[in-house]
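**Q** This is a predicted model, with the sequence first.
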Amino acid sequence: MNEHTFDIALRLALALAAGGIIGLERSYHGRPAGFRTHALVCVASALLMLVTAYESLWFNAGPSQRAVIDPTRMAQGIMTGIGFLGAGVIMKEGFSISGLTTAASLWASSAIGILVGVGFYAAAILLAMLSAASMMWISRLEGWLPTRHAVAIVMQFRRDFQPSEEVLRRLALERGYELARGSIAISYAEGRAEWRFVALALSKGRAAPLSELAAELTRFEGVENFNLSHARN
């Protein structure tokens, strides 16, 4: 067995465990990129950095056959490649964007792998623990902080009905919301207007719940169809 085999195996095992810690949290919440994906990203990143660490073993013909590698460029290439993988888990549907946290966790897993590959074990373990803690507990902290939730609204009006933006803004204010600046999009098809916009809650306690808004929209003059959803990210 090569004298470096144990060190390589130890680093890869640590990378597998560290990436798996983050992946377990994603799997628990039913995300598409879970334990296996994060573990593989972390292990692969560590191995690629190990390639630069053991560059002297690439050739057996002596120092004259050695290649000169800049480890920082390898790290840069890894992080750039993981960016494309992260983009694949980000989904946009209407005003809602999902997958941003998973993309960030994949990027963090890659950074952990790089740290393990260069031998910064303490930093890698600390980053893994902080990343897992952030995803598990910061969401609870967000629930205590003053926030303004957003509702994505799509309203389809009956033929030849002309909705008024002023009326919509006034009705939104009466229910504890304001129309987000620059979010209104209007389209027409076969004489029917369709409005899409985001309503921001003025405060946690004042905003009407989604079910109440839906009940009122069924009685709203001129509305033929509508769709309400939380504009989450």
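**A** That came through, no problem. Numbers count the residues shown, from 1 in each chain.

**Q** and residue 34, how many neighbours does it have?
**A** Around residue 34 sit 19 other residues, with neighbours defined as other Cβ atoms under 10 Å. Where C-beta positions appear, they are placed from N, C-alpha and C, glycine not excepted.

**Q** OK, contacts around it?
**A** 23-24, 26-27 (Cβ atoms under 8 Å, 6 or more residues apart in numbering).

**Q** Can you tell me the closest non-neighbouring residue to it?
**A** Counting by Cβ to Cβ, 6 or more residues apart in numbering, residue 34 lies nearest to residue 27, which is 3.3 Å off, once chain neighbours are set aside.

**Q** Kindly confirm my reading that the one you found is in a strand.
**A** No - Residue 27: not assigned to a strand; according to DSSP: H, G, I helix; E, B strand; the rest coil it is helix.

**Q** per-residue confidence for residue 114?
**A** The model reports residue 114 with a pLDDT of 94.

**Q** What residues sit buried inside the strand or helix carrying it?
**A** Using DSSP states H and E, the element containing residue 114 is helix 100-117. For helix 100-117, a neighbour-count test (16 or more other Cβ atoms under 10 Å) marks 101-103, 105-117 as buried.

**Q** quick one: which two of the residues you listed are the most distant?
**A** 101 and 117 (24.6 Å; Cβ to Cβ).

**Q** burial count for residue 36?
**A** Neighbour count of residue 36, defined by other Cβ under 10 Å: 12.

**Q** what about the strands in the chain?
**A** 91-93, 96-98, 150-157, 177-179, 185-189, 192-201, 223-230 (DSSP state E).

**Q** got TSV for those strands, with distance to residue 41, mean pLDDT and mean neighbour count too?
**A** What follows is the strands of the chain, written out as TSV (distance: least, Cβ to Cβ, whole Å; pLDDT from 0 to 100; neighbours: other Cβ atoms under 10 Å):
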stretch	distance to residue 41	mean pLDDT	mean neighbour count
strand 91-93	19	74	10
strand 96-98	19	73	14
strand 150-157	31	90	20
strand 177-179	40	90	18
strand 185-189	37	90	10
strand 192-201	33	90	19
strand 223-230	29	88	14
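
**Q** just for the protein, where's the confidence low?
**A** Applying pLDDT under 70 to the chain flags residues 1-2, 57, 59-68, 93-96, 142-143, 146, 232-233.

**Q** Quick test: name the residue nearest the centre of it.
**A** residue 100 (1.0 Å; Cα atoms, centre = their mean).

**Q** still on that earlier bit, so how many other residues sit close to the residue nearest to residue 34?
**A** 17.

**Q** gap between it and residue 117?
**A** Residue 27 sits 24 Å away from residue 117, going by Cβ to Cβ, to the nearest Å.

**Q** ok, now residue 156?
**A** From residue 156 to residue 117 the distance is 54 Å (Cβ to Cβ).

**Q** Which parts of this structure are helices?
**A** Assigned helices in the chain, in chain order: 5-28, 35-53, 71-87, 100-117, 121-144, 165-174, 210-217 (criterion: DSSP state H).

**Q** Redo the ones you listed as JSON lines? Include distance to residue 182.
**A** Formatted as JSON lines, the helices of the chain follow (distance: least, Cβ to Cβ, whole Å):
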{"stretch": "helix 5-28", "distance to residue 182": "33"}
{"stretch": "helix 35-53", "distance to residue 182": "36"}
{"stretch": "helix 71-87", "distance to residue 182": "25"}
{"stretch": "helix 100-117", "distance to residue 182": "21"}
{"stretch": "helix 121-144", "distance to residue 182": "24"}
{"stretch": "helix 165-174", "distance to residue 182": "13"}
{"stretch": "helix 210-217", "distance to residue 182": "21"}
